[in-house]
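Novice: Got a sequence here, can you build the structure:
(chains A and B)
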Amino acid sequence: MRKQSVILRTAAHVLLPLLLLFSAFLLLRGHNAPGGGFIAGLVASAALALYLFSLGIASARHALGVDPRRLIGAGLVIAIGSALPAAFFGDAFFTGRWLTLDWFPSGPLKLGTPLLFDLGVYLVVIGSVMTIVLTLAEAEERPDAPSNEGD
Amino acid sequence: MLLAVLSGFLLAAVAPWLVPRLGAHAGRVLALLPVGLFLWFASLLPAVGGGETLLWEYAWVPGLDVQLGFLVDGLSLLFALLISGIGALVTLYAGSYLAGHRDLARFFVWLLAFMASMLGLVLSDGLIALFVFWELTSITSFLLIGFAHEDKTARQAALQGLFVTVGGGLALLAGFVLLALAAGGWSLSAVLDAGDAVREHAHYAVIAWLIFLGAFTKSAQVPFHFWLPNAMAAPTPVSAYLHSATMVKAGVYLLARFQPALGGTDLWVFTLTLVGAATLFTGALLALRSSGMKRMLAYSTVMALGTLTLLAGIGGETAAIAFVAFLLAHSLYKGALFLIAGVIDHETGCREVPEMGGFGRAMPVSFAVAVLAALSAAGVMPLFGFIAKELLFESALGLAAWQPVVLTLTLAGLVGGVAVAAVVGLRPWIGRPVTTPREPHEAPLDLLAGPALLALLGLLFGLLPGLAERGLLAAAAGAVHGQAVTPNLALWHGLNLPLAMSALTLVAGLLVAWRWDGIRKMLVGLGFVERFGAERGYDAGMLGLVRVAAWQTRLLQNGHLRYYILTTLSATALLLVYALVTRHAVIPPWSSSGVRLYEVVIGAVVLMAALVAVTTRSRLGAVASLGAAGFGVALIYVLFSAPDVGITQVLIETLTVLMLVLVLFRLPSFLGLTPGRIKLRDASISLTIGGLMSWLLLDAVAAHHQGSISRYFVENAVPAGHGQNIVNVILVDFRALDTLGEIVVLGLAAIGVYAMIKLRAEDRRRRGKEEPR
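Specialist: Next up is the predicted model:
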């Protein structure tokens, strides 16, 4: 992949943390306002893809920190794990369990298994999109990548 | 009771750990479990022998009201005792027979798992549990036949047995479902109580045929008899246990079990007597035609299974008694003969009967056991086989329809049976000693204990038939007949027709055995089996199956993405047309009221973008205009107050464009190679799909079938889901299971892309290294 313009590269450095923060915000607000794990995951993936386009594959992998395939697995584990607490209370699989914390002056904080599930969705989306994007990008860059012969 | 059935599985689970530690004692120690089970079942004898039916019930899935029930009456107890008793002897035998085999632990795992499955099969009260255990026996049998998995013949035989029995199992499952619906209950007890309702049910014939299919395949009835002799590729203890004493009897167990509920009709009697008699005769003929000792015994087992089917078909008190007597007699003598065949193989290295002779001097105990078992098999006084044979003739004489045909086939078959017994019981032992791969010597105690005990029991029950009768056979025959019976088994019934027939078969059978070599050559010379046998049908069927699979794979999985889409869309279009036309969907009248200007503008933009996408000659242009269409759709979502869906659409469009850009560089430059008629075809399909989808949507909107579900979500999102964003509450709470499915699919798709690109590249690199271009 060719080196991109200086402006884009500089902007990407600033934009990545901002966009990731935004995606976390979307994830957390999703239950009451537009947002949620799926959308947040897509925003985070788009941010990482932008980073990849401007700074190259190695930097993108470094920024991601883990192999995206692991994110898929971790996300699925979290999502399924969020369904299990209900089983201990004798409810049906995936029945939401909520914990209300009255520690803050701004109002009660409600934490529930659906949030955990949303986190799982978030991770799976990032993992899947980044796996695909990175794989395609690396196939593009590697000199001995398969060319389009014959088909 | 639950423990009794499951203990075999539990022991099987620890066997891989246990067997190497027990060394040479493995067989002896593991045999303790079946011995214990045998004793426990024997402790039920007084109650069951007195005519009681015991029922155990466990809650299995309480939420769905599914019970796991075990039913013990005379019939199931007879089977349970045979399974655990012969199981103990075979385990002991196998420990010595396969001593030092590197896969001994694996063998015991499967053998014990089979024993537990078989016990579950005969004791289950629930039809579904019975079916599950039925299939488990098929699977363990498959594993045991293919025990010598390096051997191609063994693998093929294992597959053949599996296909035939599991294919029948599917029919059985369908039959069970219909039967349960007809009887109004899923337990054997319910079915047996609803006999009249089942027999008069509109689907009675279908139910009976489906159950016949299951029973015939499992019990190797004509025309499914061919898998059983091939199953002799299994180690001999397995042949003795699964393929003569227990598993193959599961089919006739089923027939006997359902006889009180389904039996007595013309269909039942005709089918079972004719198939049974045909199997009996075929088995005898093919047994005489074979030369391998195990193969002869296998065909004579087919013959015995035919006899049992015949008896289950005839019905009535005498036949029920004959059924249980023959079942017991056959399990005892055939088990013993198989084990003796294994002893001969183990101690001399011979498998072919014509190559055997004169072993009697070196192996006197084996000789005695073989003669005793063979006498019972031939039905000679005073062994138990004699009583069973007398009863068989008596039942066949009581048959009202088709009597001459059945009687002729039975007589001819039994002549063959006597001949086989004589050949197997005498031929290897007498005459001049022959040179063998191994110097013949007497077998160790572990190998002889099993067959000797079985043969002696045959003698004991013959001399004291009242012992077996009072203990169990009366109750078992009662279960088969459906009401209490008094068998009065005795050796001597006086000079009557059955005795004369018995004597006739003995004399004729001995004559055949005397001239066996010539007769066998003549039968082999006929060669009709190779040309028209049922096995040819099986082979042709399997070949056809492979061809159809290859054809449909080429058709549907041809590797071209465009054809995949074409197939999927065409199928969708056909289904949509069918659904819309049969439901008389109508296009609601056009009305322009309430349409805003910006809606028209957005619609026009989307439409134009789509047009550009299909007509442009630039790839980048196509990608961009597809994106434009997508953003237009996103706008529509936002306008119709679905911000979440709109945001998602925007993000997806962005990422799609990104990915397409990554792929774009790798495609060759745009070429206008597609001929006009292909374009026309693709255009018409896409227009059809688009039109049909619009029609479907309009119809759905006009119908308003289910307005209530969205109201439920709106009302419950905050109180039950603790969230104001209904879309998200639906995604992560109300319909979380759907979402889970979706993210699994998403992850799989990513792994698929990864595998397709990475692994293909690596594959090419590896190939490139091997043969440099």
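
Novice: Just name the shakiest helix or strand of chain A by mean pLDDT.
Specialist: The least trusted helix or strand in chain A, going by mean pLDDT, DSSP states H and E, turns out to be strand A:98-101, with a mean of 69.

Novice: Next, the buried residues of the helix or strand just after that strand.
Specialist: Per DSSP states H and E, strand A:98-101 leads on to strand A:109-112 as the next helix or strand towards the C-terminus. Buried positions in strand A:109-112, judged by neighbour count with 16 or more other C-beta atoms under 10 Å in any protein chain shown: residue A:112. All C-beta spots, glycine's among them, are computed from the backbone N, C-alpha and C.

Novice: With stretch B:131-145 instead?
Specialist: By 16+ other C-beta under 10 Å, the buried positions in stretch B:131-145 come out as B:131, B:133-145.

Novice: Please name the nearest non-neighbouring residue to whichever residue of the stretch 351-500 of chain B sits closest to chain A.
Specialist: Among the residues of the stretch 351-500 of chain B, residue B:479 lies closest to chain A, at 41.3 Å counting by C-beta to the nearest C-beta. Once flanking residues are discounted, residue B:479 sits nearest to residue B:75: 3.9 Å by C-beta to C-beta, 6 or more residues apart in numbering or on different chains.

Novice: Likewise for residue B:54?
Specialist: Distances taken as C-beta to C-beta, 6+ apart place residue B:72 nearest to residue B:54, at 4.2 Å, with adjacent residues excluded.

Novice: surely residue A:117 meets residue A:82?
Specialist: Yes - the criterion here is C-beta atoms under 8 Å, and residue A:117 meets it with residue A:82 at 4.1 Å.

Novice: circling back to that earlier point, any idea of the mean pLDDT for the helix or strand where the residue nearest to residue B:479 lies?
Specialist: With elements taken from DSSP H and E, the one containing residue B:75 is helix B:74-97. Computed over helix B:74-97, the mean pLDDT rounds to 91.

Novice: got a list of what the residue in the stretch 151-300 of chain B that chain A sits nearest to touches?
Specialist: Across the stretch 151-300 of chain B, no residue is closer to chain A than residue B:186, which sits at 24.0 Å (C-beta to the nearest C-beta). Residue B:186 sits next to B:126, B:127, B:128, B:180 when contact means C-beta atoms under 8 Å, 6 or more residues apart in numbering or on different chains.

Novice: Next, it: phi, psi?
Specialist: phi -100, psi 10 (degrees, to the nearest 10).

Novice: From residue B:658, how far off is it?
Specialist: Distance, residue B:186 to residue B:658, by C-beta to C-beta, to the nearest Å: 55 Å.

Novice: Confirm residue B:224 sits in a strand?
Specialist: No - per DSSP: H, G, I helix; E, B strand; the rest coil, residue B:224 lies outside any strand segment and is coil.

Novice: Which residue lies closest in space to it, excluding its sequence neighbours?
Specialist: Residue B:224 sits nearest to residue B:217 (C-beta to C-beta, 6+ apart), 4.7 Å away.

Novice: do the same with residue B:660
Specialist: Nearest-residue entry for residue B:660: residue B:623, 4.8 Å, with adjacent residues in sequence omitted and distances by C-beta to C-beta, 6+ apart.

Novice: Please pull up the helix or strand immediately following the helix holding residue B:75.
Specialist: Counting by DSSP H and E, the next helix or strand C-terminal to helix B:74-97 is helix B:104-123.

Novice: Report the angle between that following helix and helix B:74-97.
Specialist: Orientation check (axes from the mean of the first three to the mean of the last three C-alpha atoms, to 10 degrees): helix B:104-123 against helix B:74-97 gives 170 degrees.

Novice: Now the element after helix B:104-123, going C-ward?
Specialist: Trace forward from helix B:104-123 with DSSP H and E and the next one is helix B:127-145.

Novice: angle of that next one against helix B:104-123?
Specialist: Counting by the same axes, to 10 degrees, helix B:127-145 lies at 150 degrees to helix B:104-123.

Novice: So what's the gap between helix B:127-145 and the chain middle?
Specialist: Chain-centre distance of helix B:127-145: 6 Å, with C-alpha atoms, centre = their mean, to the nearest Å.

Novice: In terms of secondary structure, what does it contact?
Specialist: strand B:66-72, helix B:104-123, helix B:152-183, helix B:188-193, helix B:204-218 (3 or more C-beta pairs under 8 Å, 6 or more residues apart in numbering or on different chains; DSSP states H and E).

Novice: what pLDDT, on average, does that helix get?
Specialist: For helix B:127-145, the mean confidence score works out to 92.

Novice: which ones are touching residue A:114?
Specialist: So, once contact is read as C-beta under 8 Å, 6+ apart, residue A:114 ends up touching A:31, A:82, A:96, B:721, B:722, B:723, B:729, B:732, B:733, B:736.

Novice: oh, I was asking about residue B:93
Specialist: Residue B:93 neighbours (C-beta under 8 Å, 6+ apart): B:27, B:237, B:240, B:339, B:342, B:446, B:447, B:449, B:450.

Novice: number of nearby residues for the fifth one?
Specialist: Residue B:342 has 26 neighbours, counted by other C-beta atoms under 10 Å in any protein chain shown.

Novice: Just give the nearest non-adjacent residue to it, would you?
Specialist: Leaving aside its chain neighbours, residue B:342 sits nearest to residue B:236 (3.1 Å; criterion: C-beta to C-beta, 6+ apart).

Novice: who touches stretch B:379-392?
Specialist: For stretch B:379-392, using C-beta under 8 Å, 6+ apart, the contacting residues are B:307, B:311, B:318, B:321-322, B:325-326, B:328-330, B:332-333, B:372, B:375-378, B:410, B:414, B:417-418, B:457-463, B:465, B:468, B:489-491, B:493, B:498-499, B:502, B:505-506.

Novice: Give me the buried subset of those.
Specialist: When neighbours are counted using 16+ other C-beta under 10 Å, the contacts of stretch B:379-392 contain these buried positions: B:307, B:311, B:318, B:321-322, B:325-326, B:328-330, B:332-333, B:372, B:375-378, B:410, B:414, B:417-418, B:457-459, B:461-462, B:465, B:468, B:489, B:498-499, B:502, B:505-506.
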